[in-house]
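Asks: Sequence plus predicted model, see below.
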Amino acid sequence: MKNRKSLKSKVTFVLMKMLILLIVFIIGYNFYTLNEANIKVAESNQKTLSSYCSNIETTLQTLLSRMTNFISNNTNFKLMTQKGSEVAAHVQSYEIMQDYNSLMDMYPLLSGCFIFSYPNTIFRSIYGDSISLDSKDELLWYFKDATADKKRLLEMVWQPLTLGERHYLYLISGYQNTYCIYVIDLGNLYFVQNNPETGGSGSRELIFYQEETIFTDSAIIRENSVDIRGGNGYYFSGSPQRYMVVEQAIANSKIRAAYLVEYRGVLGNLSYAQLSVFIVSLLTVLLIPYSYQQLKKVFFIPMDILMETMNEIKDGKIEARVDTNYTEVEFLEVINTFNSMIDQINQLKIDAFEQELNLRETQLQYYQIQIKPHFYINCLKSMYGMVVEEKYEDTKSAIIYLSNHLRYMLKNVSMIVSIGTELKYIQNYIALQRLSMAYRPDIKVDADPALMGLMIPAISILSFVENSVKHAVIKDNNLRIGIQINSKLIEEEKYLNIRITDNGAGFSQEQVVYLNNYLENPQTEQSIGIYNVIQRYLLYFGEDNVWFAFSNMGGANIDIFIKMMGGEIYEHSNR
């Protein structure tokens, strides 16, 4: 059995060898030379800061100029300042989004762009990869509130914005209640250098702030209490580690930049304890290599292995474990505890995933079962009316259609079907309705044959067709229902688009607003069928991969957009 040794005893032994030399003190240093060295270091740091800020200022000025030109000369923007048709406004905003997309490709620093047209009730945005889904919602609602309350606007100057734990710079300008907004995530401006091999000495950070508000998540400030004072020149701050700080304002914005450089080697600015350590280090040159090798062997290497294993687990290699072949008691205990903890976490993740799958399956079954009885009741009522009116041939046909329907439902108990199967079922339903209605409904299907094999929740398109039959019939006029199924490219993402239309009275304006906010608004008794379809799509595909749009275009118009990956629908349950 290996002899287990305490890590403390090894570290103490190494440190004691170095402490022997602490009895020797060297006094004397040229303060003027040290002060001159400080000035030269400060000048070098100021040049580095100025160079970095210059690049930022150039980008900010260029984006400001492009916004001014966009507001003045972009035809689509000018058209959106006036009330136009819904289709025209949609096309104009889409073209603006394409311009924004090109702008963000050209300027990677740009994190988001917005176009708000109050005359047309258009609020669209595009974001970079650094903006999370929650941050997108926060930004959208903040700018909606800000543009609604014009007193809060400060146009044509980059100004800071803090939402939650995220900090941004934004530029806004508008004309006739139509606004253009650019957003930069200040996290993208973060700069840190803590590797001496990069040409510097010690850790460095570039932070951004406004008065007492610091926008950069700075480990240096948190751990060393560095005080950002504002102003010109340079100064020293921080404890236990001191830093040299130089500052500069960022042109065309309301923020400033401060460059923090770890301060080393200037004795006149060190405490007595730090000065003693520095002097002793000069006398222990011969001991340092040996001490370093000892520390590396007993501490650095095991810690590196532990960190490498943690990074592997972080990157998804959950089977990684730390080798327990160490003699140090403390490290052995830490490693055994760490490996055991990872095993428990993996088991908890498996249990949680299984529970989530069971919950989703239960929810899907609930929504599926909830909508099935409605159709059967309607069919029975219709056939009863045919018998009463002695329409026996129609009754026979209705029974055949209903039997086809029942056979279809009994075969497809998996709750998802192909689009082709759903359309066949809809045709059967319309044929059944044509037998019982005074004004027979017509249906026109325009579908891409290549998409017929894609899977969707069963009775979903049919639910909207049923809704049209119940609510869209106009007296003395035949109901016309249209179904279009194709793929579309929207903001460089490929979507399956299912569109259901009718020639009825359409939705009320209140219904359009209410239904288009389906994530925030609860279902009502009048909208339970629509909300059941929405919930089943959200559960199956995931909220990020499906989008419903309700509007009026000569009658009710429902668009369903489902994200496609490599020609297939992005299935939430398979992620």
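Replies: Cool, got the structure. In this text the structure is predicted, and so the values were computed from the model without any measurement.
Asks: Please name the bridge partners of Ala549.
Replies: For Ala549, the beta-bridge partners are Asp559 (DSSP bridges).
Asks: wait, it sits on Asp559?
Replies: Yes - counting by CB atoms under 8 Å, Ala549 does reach Asp559; the two are 4.2 Å apart. Heads up, the C-betas are built off the backbone N, CA and C, glycines and all.
Asks: Now do the same for Tyr537: helix, strand or coil?
Replies: helix (DSSP: H, G, I helix; E, B strand; the rest coil).
Asks: That one and Ala458 touch, don't they?
Replies: No - the pair Tyr537 / Ala458 is not scored as a contact, 11.7 Å apart, by CB under 8 Å.
Asks: I believe Lys563 is in a helix; please confirm or correct that.
Replies: No - counting by three-state DSSP, Lys563 falls outside a helix, being strand.
Asks: partners of it in the sheet?
Replies: Tyr495.
Asks: Ile461 versus that one, what's the distance?
Replies: The gap separating Lys563 from Ile461 is 18 Å, by CB to CB, to the nearest Å.
Asks: same question, Phe116
Replies: Counting by CB to CB - Phe116 and Ile461 are separated by 33 Å.
Asks: burial count for the residue lying closest to Lys494 once chain neighbours are set aside?
Replies: Closest residue in space to Lys494, ignoring its immediate chain neighbours: Met564 at 4.5 Å, by CB to CB, 6 or more residues apart in numbering. Look at Met564: counted by other CB atoms under 10 Å, it has 19 neighbours.
Asks: Count the neighbours of Ser239 for me.
Replies: Neighbour number of Ser239 under other CB under 10 Å is 12.
Asks: Looks like Gly472 contacts Arg480 (just checking).
Replies: Quick fix: residue 472 is Ala, not Gly. No - in this structure Ala472 lies outside contact range of Arg480 using CB under 8 Å: 9.1 Å.
Asks: Which helix or which strand is home to Leu423?
Replies: In the assignment (DSSP states H and E), Leu423 maps to helix 419-436.
Asks: contacts for the helix or strand just after that helix?
Replies: Counting by DSSP H and E, the next helix or strand C-terminal to helix 419-436 is strand 442-447. Residues from elsewhere that reach strand 442-447, judged by CB atoms under 8 Å, 6 or more residues apart in numbering: 419, 423, 426-427, 430, 465, 478-486.
Asks: Just checking: what are the partner strands of strand 442-447?
Replies: Here, using DSSP bridges, strand 442-447 pairs with strand 480-490 (parallel).
Asks: buried set for stretch 461-470?
Replies: Ile461, Leu462, Ser463, Phe464, Val465, Glu466, Asn467, Ser468, Val469 (16 or more other CB atoms under 10 Å).
Asks: I should have written stretch 107-125 there, sorry.
Replies: Neighbour counts over stretch 107-125 (16+ other CB under 10 Å) mark 107, 109-118, 120, 122-125 as buried.
Asks: Off-centre distance for that stretch?
Replies: 16 Å (CA atoms, centre = their mean, to the nearest Å).
Asks: roughly how far apart are Ser51 and Tyr209?
Replies: 19 Å.
Asks: so what's in contact with Ala472 and Arg480 at the same time?
Replies: Joint contacts of Ala472 and Arg480 (CB under 8 Å, 6+ apart) are Asp502, Asn503.
Asks: Give me the more crowded residue out of these two.
Replies: Neighbours were counted for Ala472 and for Arg480 using other CB under 10 Å; Ala472 has more, 20 against 17.
Asks: Next up, the contacts around the closest residue to that one other than its chain neighbours.
Replies: In space, and not counting its chain neighbours, Ala472 is closest to Gly504: 2.5 Å by CB to CB, 6+ apart. Contacts for Gly504 were tallied using CB under 8 Å, 6+ apart; they are Ser468, His471, Ala472, Val473, Ile474, Leu479, Gly555, Ala556.
Asks: Next, count neighbours for the last one.
Replies: To tie it back to what came earlier, the one meant is Ala556. Residues near Ala556, counting by other CB under 10 Å: 24.
Asks: Got the domain ranges for the chain?
Replies: The record's domain parsing of the chain by automatic domain parsing lists 53-185, 290-352, 353-574.
Asks: Out of the ones you listed, flag the one nearest Ile228.
Replies: When these are compared by CB to CB, domain 53-185 sits nearest Ile228, at 14.5 Å.
Asks: Tell me the span between the first and last residue of that closest one.
Replies: End-to-end distance for domain 53-185, by CA to CA, to the nearest Å: 16 Å.
Asks: I'd like the mean pLDDT over that domain, please.
Replies: For domain 53-185, mean pLDDT is 89.
Asks: for the chain, where's the lowest mean pLDDT among helices and strands?
Replies: Using mean pLDDT, DSSP states H and E, strand 191-193 stands out as the lowest-scoring helix or strand of the chain, at a mean of 45.
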